[in-house]
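Peer 1: Provide a 3D model corresponding to the input given below.
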Amino acid sequence: MCYQNIYNYEKIYMCESAIITQFFARILMSIYPVPDWLPDFHTRIAQWYAKCGRVELPWRNLRRDGSQSYEVYISEIMLQQTQVSRVLEAFYFPFLHTFPSLSALADSHEQDVLRLWQGLGYYTRARNLRKCAQICVKNHNGALPKGVENLKKLPGIGAYSAGAISCFGFGESVGFVDANIKRVFSRLFALQNPTSHELQTLATILLDTQDSFTYNQALLDIGALVCKSKPLCIVCPIREFCKGSNAPHLYPQKTLKTRESLRLELYIITYYENQTLYVALDSPHSRRDSTLYAGLYNVPMRAGNLSNISPAGISKSFATSFKHIGSFKHAYTKYAINALVFYAHCQDKQQAQALIDSCVICSVDSQSRCDIAFVALDMLSSIPLSNLSHKALKCIPM
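Peer 2: Okay, here's the model as predicted:
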């Protein structure tokens, strides 16, 4: 088993696309030799997974001959920076029901994909899913290509996702590293600042080539359920092998992530027509290249100054005026958003459009004006609407 791991490790770094040379790979192998406890390590992990692992998850009960690699692919992309429970409760099965294959996804409209993704966040993932499907239909006969390097060429598939899809979808013996496995390896070998090369080296050396599926799923679960940021070392199945178990908080060294502060003014404009309430929304077409909620519907917004509650540039000839109806904080990717919500109810669509035209409202990161669409309030569930806008609309006085 150990010799097989060494062979796999050398093979990875001898391929043309390897980042480091074979010489450097051998140096790393001398730093991290195959541990003599590896067989026991594999046994402990497998036993723990059979008893305590999340073996019931639907994407862990698929064929591993490539025929269900699409389902594995969807699960892996959804699980990026998203909790398992959230993916399982509301997103995985509805997405597969609507887009049961790469071909169906390739033929879809982007807005339909984004609507199903609504609430998961990080919408670039959804766009890349569709792009990837189109590439696979065009170049790979409507299927995901086999092999880590081939998968990494597709949009939205990085080293971890490629390894996971190869192992779980195609049954390949591949080691890989995500945030959970990084934490396990860092504590196992008492590494404060391991590089990606070091971690991938360990993933390959420690891999159980006889049952890579169980091994990798077990490592993911140990990282998620036991070796957490605040670890449960007392119940850890691999504690006796762990060099960092006496001070796990030191490994790996934490890096502080700060979000960019962004102040926004959000404008809600409504009117009634035939007893139906309509709301003005910024169309996705005007936000396709935006860094904030590109491709989604949004209430009109602009970068604002929290010290100035009254919107600037509004014509005073209208009896209808904006009222400040609420404030809230919201996190989105790299932004920490402080939002002020303003509301105006108009007599009809014409007045609503005129009010919009009189305001200085444009895309947050451009000078182009909003492309406004008026949508019935009871139809909002059928379009891809940002979570930020959902929060703002809840401020409307009823």
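
Peer 1: In contact with Arg239, which residues?
Peer 2: 233, 245 (CB atoms under 8 Å, 6 or more residues apart in numbering). Quick note: C-beta positions are derived from backbone N, CA and C, even for glycine.

Peer 1: From Gln192, how far off is it?
Peer 2: 19 Å (CB to CB, to the nearest Å).

Peer 1: Same question for Ala373.
Peer 2: Distance of Ala373 to Gln192, given as CB to CB: 52 Å.

Peer 1: Between those two, which is the more surrounded one?
Peer 2: It is Ala373, of Ala373 and Gln192, that has more neighbours when counted by other CB atoms under 10 Å, with 16 against 11.

Peer 1: Identify the spatial nearest neighbour of Ala46, chain neighbours not counted.
Peer 2: Thr214 (5.4 Å; CB to CB, 6 or more residues apart in numbering).

Peer 1: Where does that neighbour fall, secondary structure wise?
Peer 2: helix 212-221 (DSSP states H and E).

Peer 1: Direction included, what does whichever helix or strand comes after that helix pair against?
Peer 2: Using DSSP H and E, the helix or strand that follows helix 212-221 in sequence is strand 260-273. Strand 260-273 sits in its sheet next to strand 276-282 (antiparallel), strand 301-303 (antiparallel), strand 335-346 (parallel), going by DSSP bridges.

Peer 1: Tell me how this protein divides into domains.
Peer 2: What the record gives for the chain is the domain set 2-246, 260-393, from automatic domain parsing.

Peer 1: can you tell which of these is closest to Lys254?
Peer 2: domain 2-246 (8.4 Å; CB to CB).

Peer 1: ok, the residue most central in space within the chain - contacts?
Peer 2: The centroid of the chain falls nearest to Gln80 when counting by CA atoms, centre = their mean (4.0 Å). Contact analysis of Gln80 by CB under 8 Å, 6+ apart lists 122, 125, 161.

Peer 1: who's in contact with the second one?
Peer 2: What that stands for is Arg125. Counting by CB under 8 Å, 6+ apart, the residues that Arg125 touches are 77-78, 80, 117, 156.

Peer 1: hmm, 10 Å instead?
Peer 2: Arg125 is in contact with 77-78, 80-82, 117, 156, counting by CB atoms under 10 Å, 6 or more residues apart in numbering.

Peer 1: Could you report the distance from it to Gly158?
Peer 2: Arg125 is 11 Å from Gly158, by CB to CB.

Peer 1: How about Leu385?
Peer 2: Counting by CB to CB - Leu385 and Gly158 are separated by 28 Å.

Peer 1: likewise Trp48?
Peer 2: From Trp48 to Gly158 the distance is 28 Å (CB to CB).

Peer 1: related to what we said a few turns ago, got the strands paired with strand 260-273 as TSV, with mean pLDDT, mean neighbour count and distance to Thr255 columns?
Peer 2: Putting the strands paired with strand 260-273 into TSV (pLDDT from 0 to 100; neighbours: other CB atoms under 10 Å; distance: least, CB to CB, whole Å) gives the following:
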stretch	mean pLDDT	mean neighbour count	distance to Thr255
strand 276-282	95	21	35
strand 301-303	85	19	28
strand 335-346	94	20	17
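
Peer 1: a markdown table for these, including distance to Leu102?
Peer 2: Formatted as a markdown table, the strands paired with strand 260-273 follow (distance: least, CB to CB, whole Å):
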| stretch | distance to Leu102 |
| --- | --- |
| strand 276-282 | 31 |
| strand 301-303 | 35 |
| strand 335-346 | 32 |
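
Peer 1: Show me the one of those that comes nearest Leu202.
Peer 2: Across the strands paired with strand 260-273, closest to Leu202 is strand 335-346 (CB to CB), at 34.5 Å.

Peer 1: C-terminal to the closest one, what's the next element?
Peer 2: That would be, after strand 335-346 and using DSSP H and E, helix 349-357.

Peer 1: got the buried residues for that next one?
Peer 2: In terms of neighbour count (16 or more other CB atoms under 10 Å), helix 349-357 has its buried residues at 351-353, 355-356.

Peer 1: between the next helix or strand after it and strand 260-273, what angle do the directions make?
Peer 2: Remark: after helix 349-357, the chain's next helix or strand is strand 372-376, criterion DSSP H and E. Put simply, strand 372-376 runs at 60 degrees to strand 260-273, going by axes from the mean of the first three to the mean of the last three CA atoms, to 10 degrees.

Peer 1: Of Leu385 and Gly158, which one has the most company?
Peer 2: More neighbours surround Leu385 than the other of Leu385 and Gly158, with 24 against 12 (other CB under 10 Å).

Peer 1: In contact with the more buried one: list those residues for me.
Peer 2: So Leu385 contacts 114-115, 118-119, 279, 281, 284, 293, 296-299, 375, 393 (CB under 10 Å, 6+ apart).

Peer 1: coming back round to it: any idea which of the strands paired with strand 260-273 gets closest to Ser69?
Peer 2: Among those, strand 335-346 sits nearest to Ser69 (CB to CB), with 34.4 Å.

Peer 1: Now do that closest one: distance to the chain's middle.
Peer 2: Using CA atoms, centre = their mean, to the nearest Å, the mean C-alpha position of strand 335-346 is found 26 Å from that of the whole chain.

Peer 1: Which strands and helices lie in contact with the helix holding Thr214?
Peer 2: helix 38-52, helix 159-170, helix 179-188, helix 196-206 (3 or more CB pairs under 10 Å, 6 or more residues apart in numbering; DSSP states H and E).

Peer 1: Let's see that with 8 Å instead.
Peer 2: helix 38-52, helix 159-170, helix 179-188 (3 or more CB pairs under 8 Å, 6 or more residues apart in numbering; DSSP states H and E).

Peer 1: List just the one of these that sits closest to Val72.
Peer 2: It is, among those and with distance given as CB to CB, helix 159-170, at 3.8 Å.

Peer 1: and the residue nearest to the centre of the chain, that's in a helix?
Peer 2: No - Gln80 is assigned coil when assessed by DSSP: H, G, I helix; E, B strand; the rest coil, not a helix.

Peer 1: tell me the phi and psi of it?
Peer 2: When read as degrees, to the nearest 10, the backbone of Gln80 gives phi -70, psi 120.
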